[in-house]
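> Here is my input; please provide its structure:
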Amino acid sequence: MNQEDLKNNIEFCVASVLKLAKVHCWNIVSDNLFFIVSDFNEFESEFREYRASRSRINNSKMVLDLDSAIEILHREMEDLYDVILYIFRTNKNETILEIQYYRKSNLNPDYLALVKDNMPMFHSKIPMPVYAWEGGKFDANWESGGGIHHRWKIFWWRNFLYKRKIRGKKIR
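Residues are numbered from 1 along each chain as shown. The predicted structure is shown next:
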């Protein structure tokens, strides 16, 4: 895969993640895009610490334009297994997308033998908070701080809605 193919795949994923955000999030998503590039292994492996360490590390990174991000990924091209685009932070003036990649060298040796010649996979994802029910829109910035709206929703989820949901399952 050359640099132009990599750029086309990333641009397709960018369009997909922006479309997902407009469907599922109530935020205004700007078309003024910036990028941060992350190796999956930079972050803590424990799920609870993963989100906090990811946010802390990404806040300290310098934002890049698309071409600079593509250059970084192209240098790692032979070892790329999976490339995932997330919205890290968005507002009406700018959107910062995180390009997170997973290396083939981090795979189990048996599985690596099967996939060593495969091209990398590309995905666009928007993580959903626990309180976002089917069809409900949520704050795209919930993982990177979320603000008072996110804290209020979490308060309601922990104290009332989760208990109601569990009781509802026990009755049925």
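> so how far is the single longest helix found in the chain from its chain's centroid?
As assigned by DSSP state H, the longest helix anywhere in the chain is helix 3-24. Per C-alpha atoms, centre = their mean, to the nearest Å, the displacement of helix 3-24 from the mean C-alpha position of its chain is 12 Å.
> Pull out the buried positions in stretch 13-22.
By 16 or more other C-beta atoms under 10 Å, the buried positions in stretch 13-22 come out as 13-14, 16-18, 20-21. Backbone N, C-alpha and C define where each C-beta goes, glycine included.
> residue nearest the centroid of the protein?
Computing the C-alpha centroid of the chain and ranking residues by C-alpha atoms, centre = their mean puts Tyr86 first, at 2.8 Å.
> Packing partners of the host helix or strand of that residue?
Assessed by DSSP states H and E, Tyr86 sits inside strand 80-90. Judged by 3 or more C-beta pairs under 8 Å, 6 or more residues apart in numbering; DSSP states H and E, the packing partners of strand 80-90 are helix 3-24, strand 95-103, strand 121-124.
> could you dump the helix or strand that the second one is followed by to CSV, C-alpha only?
In the C-terminal direction, the helix or strand that comes right after strand 95-103 (DSSP H and E) is helix 109-115. What follows is the C-alpha trace of helix 109-115 in CSV, where atoms were taken according to Å, rounded to 0.1, in the frame of the first residue of the first chain:
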residue,chain,number,x,y,z
PRO,A,109,3.0,-15.1,17.3
ASP,A,110,0.6,-17.8,16.0
TYR,A,111,-1.9,-15.2,14.8
LEU,A,112,0.9,-13.0,13.4
ALA,A,113,1.9,-15.9,11.1
LEU,A,114,-1.6,-15.8,9.6
VAL,A,115,-1.9,-12.1,9.1
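> Need the contact partners of helix 109-115.
With C-beta atoms under 8 Å, 6 or more residues apart in numbering as the test, helix 109-115 has contacts from 81, 104-105, 107.
> Any stretches of the protein with poor pLDDT?
42-52, 133-135, 144-154, 156-158, 160-172 (pLDDT under 70).
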